[in-house]
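Participant: take a look and give me a structure for this.
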Amino acid sequence: MKDWKDYKYRSLWQHPFWDTFMQSVGRRTWRFGNDGARAIVVKHSMPLNLCWLEVPRGPLFEDQESLQKILEDIRHAAEAEKAVFIRMSSYQSLPLNIPDTGFDRHPQTSLVIDLSVSEEEILAQMKQKGRYNIKVAEKHDVKVEVSSDIETFYHLLKKTGERDDFGIHEKEYYQNLLVAMGQNAQLLVARYEDRVVAGGIFVYLDEWGIYYYGASDSHYRNVMAPYLLQWEAIKEAKKRGCKYYDFLGIAPEGAVKHPWLGVTGFKKKFGGEVVAYPKAKDLVLRPFWYFLYKFAKKK
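Facilitator: I've put the predicted structure just below:
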């Protein structure tokens, strides 16, 4: 069995599904590859008709020579687009003399559950409050089901974003994600008294189940629907043969002020192992514009 710490096997953002999804939401993409490395690259627009290129959770590589070859291909594409910089957020440590960046779009810390054990063992490694809240939802007769009702989920997501102060995409973004992933993704919703009170988009790909987006109605907080929703997604991932379940992102250990502190408390009730990833790196191509970009980001 592959060690989950061998991050090159975690390929959602470097999978053809992701390329298809990015194109469906209007992003320009490239695919590069050689015998020992591969990369999907996504273009992001900036003001003043500028852009930057992202290699999300990549590139994936077997050796440094292959990495250097694929970086040359990526750099040529970036120069043709007059990109300000190239950002690489690989799960693998990049042996490159390129500075880290503090502006990574991907979380630096996550929580992973081992699904190779029984459901009883998964429950046993949860915090007591996590198991208790799942039972509370069951006692309230909360029902979790697969849904295609993106409209209801999006309405709930908007309310959650306003409540917890985070931005969301347009509705079509989430619809396109589900379409691009096909059977590898599900929209699950939790119903209480025939009302959708929680929902989430989950991806099941190769060895990994991933909690991608979630939303809940705070007016029904007492029925603990998000806990049962997660438990059903975890069981679905296990049923599909996934070996690990990734909560995608939590606040770094010891963080005092972090936008994910609230959701981190929720996720940690499910147990699992905290993992930290290498910091993203920015290969700067246009230093003046990069300086202005960093200045604007810090404001």
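
Participant: okay, CA-based contacts and neighbour counts for the rest of this
Facilitator: Will do.

Participant: how about the strands of this structure, start to end?
Facilitator: Using DSSP state E, the strands of the chain run over 29-34, 37-46, 50-55, 60-61, 85-88, 109-114, 143-147, 185-192, 195-205, 208-216, 244-246, 273-276, 281-284.

Participant: so where is the stretch 151-299 of the chain shaky, pLDDT-wise?
Facilitator: Where the stretch 151-299 of the chain drops to pLDDT under 70, the residues are 299.

Participant: related to what we said a few turns ago, want to throw the strands of the chain into TSV with mean neighbour count and distance to Gln14?
Facilitator: Listed next are the strands of the chain as TSV, based on neighbours: other CA atoms under 10 Å; distance: least, CA to CA, whole Å:
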stretch	mean neighbour count	distance to Gln14
strand 29-34	15	9
strand 37-46	20	6
strand 50-55	21	8
strand 60-61	24	8
strand 85-88	23	12
strand 109-114	20	18
strand 143-147	16	26
strand 185-192	22	16
strand 195-205	23	12
strand 208-216	21	14
strand 244-246	22	16
strand 273-276	15	19
strand 281-284	21	17
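
Participant: how near is the spatially closest residue to Met88 that is not a sequence neighbour to Trp13?
Facilitator: Spatially, and ignoring its direct neighbours in sequence, Met88 is nearest to Val55 (4.9 Å; CA to CA, 6 or more residues apart in numbering). Val55 sits 9 Å away from Trp13, taking CA to CA, to the nearest Å as the criterion.

Participant: overlap in contacts of these two?
Facilitator: Ile40 (CA atoms under 8 Å, 6 or more residues apart in numbering).

Participant: which outside residues touch stretch 277-287?
Facilitator: Contacts of stretch 277-287 (CA under 8 Å, 6+ apart): 79, 83-93, 98-102, 104, 108-109, 290.

Participant: just those residues: which are in helices?
Facilitator: Assigned to helices by DSSP state H, the following of these qualify: 79, 290.

Participant: please pick the buried ones from the contacts of stretch 277-287.
Facilitator: Neighbour-count burial (16 or more other CA atoms under 10 Å) is assigned, among the contacts of stretch 277-287, to 83-92, 100, 104, 108-109, 290.

Participant: now, which of those sits nearest Glu172?
Facilitator: Nearest to Glu172 among these, counting by CA to CA, is Asp104 at 23.9 Å.

Participant: residues near the closest residue in space to that closest one that isn't next to it in sequence, how many?
Facilitator: Leaving aside its sequence neighbours, Asp104 sits nearest to Ala280 (CA to CA, 6+ apart; 5.9 Å). Residues within reach of Ala280, counting by other CA atoms under 10 Å, total 27.

Participant: got the phi and psi for Ala280?
Facilitator: Dihedral pair for Ala280: phi -70, psi 160, per degrees, to the nearest 10.

Participant: look up how far Lys43 lies from it.
Facilitator: From Ala280 to Lys43 the distance is 16 Å (CA to CA).

Participant: then Trp231?
Facilitator: For Trp231, the distance to Lys43 - CA to CA - is 36 Å.

Participant: could you do Asn133 as well?
Facilitator: Here Asn133 is placed at a distance of 42 Å from Lys43 (CA to CA).

Participant: and for Glu151?
Facilitator: For Glu151, the distance to Lys43 equals 28 Å [CA to CA].

Participant: how is this protein divided into domains?
Facilitator: 7-106+278-298, 109-276 (automatic domain parsing).
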